[in-house]
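Visitor: whatever this is, show me its structure:
(one chain, ligands or ions: 1)
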Amino acid sequence: MKNNEQVKKITVNASKRYEVIIGNGLIDRAGEYLAEVIKPCKIALVTDDTVDALYADCVVKSLEGSGFLVVKHVFPHGEESKNLSVYGEILDFLAENELTRTDALVALGGGVVGDMAGFAAATYLRGIKYMQIPTTLLSQIDSSVGGKTAIDLKKGKNLVGAFCQPILVLCDTKTLDSLPKKIFVDGLGEVAKYAVLDKDIFALVEKDGYAIEDLVYACVDYKRKIVEADEFEGGVRKLLNFGHTPAHGIENLSGYTIPHGNAVAMGVEIIMKNSLRHGYISEEEYKKVSAVVKKLVGENECPFAIEEVMQAALSDKKRSGNYITLMMAFGIGKVEGRKIDVLDLKEYIK
Ligand code: GLY
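Guide: Purely as a prediction, here's the structure:
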């Protein structure tokens, strides 16, 4: 992959209007970008220990250089931190530092940081402003945009949360250079989903040598359209769950040792196989998608039997009563929901 030096901007017109800025080497200017959308105030920079060591100093310097007063809260990295106790510590930190409603939070890190800090911003004082600076591919192309914030409960992932749009998202593709390959590839698993949803993204990743900024731009712009049409997931936003029902089953069965993006890529493969079995797509379409998924994430076999996966998937929060809406492929760039009785699920997906 190469870099595209141009800075790109996408405006998301949701219940709040905000920009997603995409470019290489942007975090040094985080303060300047933030100063364009809020007046100087107190900023709580929330990050994890890994990202703190890499990027916090540079973000703090930039924010202070633009007149913001910065206080920083760091928690241990990893999904295990996405719990009520660490969330409570963030809230206590905000209160101890006397952040008011005219102050703001900056979430610096991957999906866990964005979800946790976003949920803290959504709930502290019934809501303060927050900016996202996502530092993983998965958070840049997906979780930092669209306002979903959440924490996990013992019973499952993302069971408590809120829709709360950020005031700004800064996707600095330079931060992806420091990602371990495994974590970068995990982000490409989520790209596999976008590639089935959108013909243009499929065409982009099918060829070689595209710029990472162009990929981030294409995914965010696709998500923008979806979020603008259905911010609170009453309808079309469910498309973004393509591959996710089996993926949640796989993550769950693995005790969350298979990361989300890899599980999504496995989920995409399972759904494509079953879309073919039901005659929704042709053999050629199935093969084309399979080849692209392989190109993105490499060998990525699901280690569990499909019956087990679908059984585990039944605890998915997208289930309503005795029905589950599964996103199925009807072509590349054509995904639709099918409402399935849970009793029929194991026959429908096998
Ligand atoms: N990650 C799916 C969504 O934001 O709706």
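Visitor: just for the stretch 1-150 of the chain, where's the confidence low?
Guide: Applying pLDDT under 70 to the stretch 1-150 of the chain flags the ranges 1-2.
Visitor: which residue ranges of it form helices?
Guide: 30-35, 49-51, 57-65, 84-96, 111-123, 137-138 (DSSP state H, counting those that start in this stretch).
Visitor: so what's the residue nearest to the spatial centre of the chain closest to, chain neighbours aside?
Guide: Centroid check for the chain by C-alpha atoms, centre = their mean gives residue 143 as the closest residue, at 2.3 Å. In space, and not counting its chain neighbours, residue 143 is closest to residue 111: 4.3 Å by C-beta to C-beta, 6 or more residues apart in numbering. For glycine as for every other residue, the C-beta is placed from the backbone atoms N, C-alpha and C.
Visitor: for burial, what's the neighbour tally of the one you found?
Guide: Residue 111 has 25 neighbours, counted by other C-beta atoms under 10 Å.
Visitor: next up, the contacts around residue 21.
Guide: The neighbours of residue 21, taking C-beta atoms under 8 Å, 6 or more residues apart in numbering as the test, are 7-9, 33, 168-171.
Visitor: same thing but 7 Å
Guide: Residue 21 makes contacts with 7, 9, 33, 170-171, as judged by C-beta atoms under 7 Å, 6 or more residues apart in numbering.
Visitor: and the helices of the stretch 1-150 of the chain as a markdown table, adding distance to the ligand?
Guide: Listed next are those as a markdown table, based on distance: least, C-beta to the nearest ligand atom, whole Å:
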| stretch | distance to the ligand |
| --- | --- |
| helix 30-35 | 23 |
| helix 49-51 | 20 |
| helix 57-65 | 24 |
| helix 84-96 | 19 |
| helix 111-123 | 9 |
| helix 137-138 | 10 |
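Visitor: distance to residue 228 added to these, as TSV?
Guide: As requested, the helices of the stretch 1-150 of the chain are exported to TSV (distance: least, C-beta to C-beta, whole Å):
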stretch	distance to residue 228
helix 30-35	22
helix 49-51	29
helix 57-65	29
helix 84-96	29
helix 111-123	19
helix 137-138	22
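Visitor: tell me how far residue 98 lies from the ligand.
Guide: Per C-beta to the nearest ligand atom, to the nearest Å, residue 98 is found 32 Å from the ligand.
Visitor: what's the local residue count around the residue nearest to that residue when sequence neighbours are not counted?
Guide: Distances taken as C-beta to C-beta, 6+ apart put residue 42 closest to residue 98, at 7.8 Å, once the chain neighbours are dropped. Applying other C-beta under 10 Å, we find 17 other residues in the vicinity of residue 42.
Visitor: for residue 42, give its distance to residue 101.
Guide: 11 Å (C-beta to C-beta, to the nearest Å).
Visitor: cool, residue 151 as well?
Guide: 22 Å.
Visitor: which residue ranges of this structure form strands?
Guide: 8-13, 17-23, 42-48, 69-75, 104-109, 129-134, 148-153, 156-163, 168-172, 323-331, 334-341 (DSSP state E).
Visitor: pull out the buried positions in the second one.
Guide: Counting neighbours by 16 or more other C-beta atoms under 10 Å, one finds that the buried residues in strand 17-23 are 18-23.
Visitor: return the closest of those with respect to the ligand.
Guide: Of all these, residue 20 has the smallest distance to the ligand: 13.2 Å, by C-beta to the nearest ligand atom.
Visitor: need the nearest residue in space to residue 175, chain neighbours excluded.
Guide: In space, residue 175 is closest to residue 135, 4.1 Å off (C-beta to C-beta, 6+ apart).
Visitor: do you know how far the residue in the stretch 201-350 of the chain that the ligand sits nearest to is from residue 336?
Guide: Residue of the stretch 201-350 of the chain nearest the ligand, by C-beta to the nearest ligand atom: residue 240 (3.9 Å). Residue 240 is 13 Å from residue 336, where distance means C-beta to C-beta.
Visitor: go on, residue 44?
Guide: Residue 44 is 42 Å from residue 336, where distance means C-beta to C-beta.
Visitor: so the two - more neighbours on which side?
Guide: More crowded of residue 44 and residue 336, by other C-beta under 10 Å: residue 44, with 24 against 15.
Visitor: I figured that one hits residue 71, correct?
Guide: Yes: Residue 44 is within contact range of residue 71, at 5.5 Å (criterion: C-beta atoms under 7 Å).
Visitor: now do the shared contacts for the two.
Guide: residue 97.
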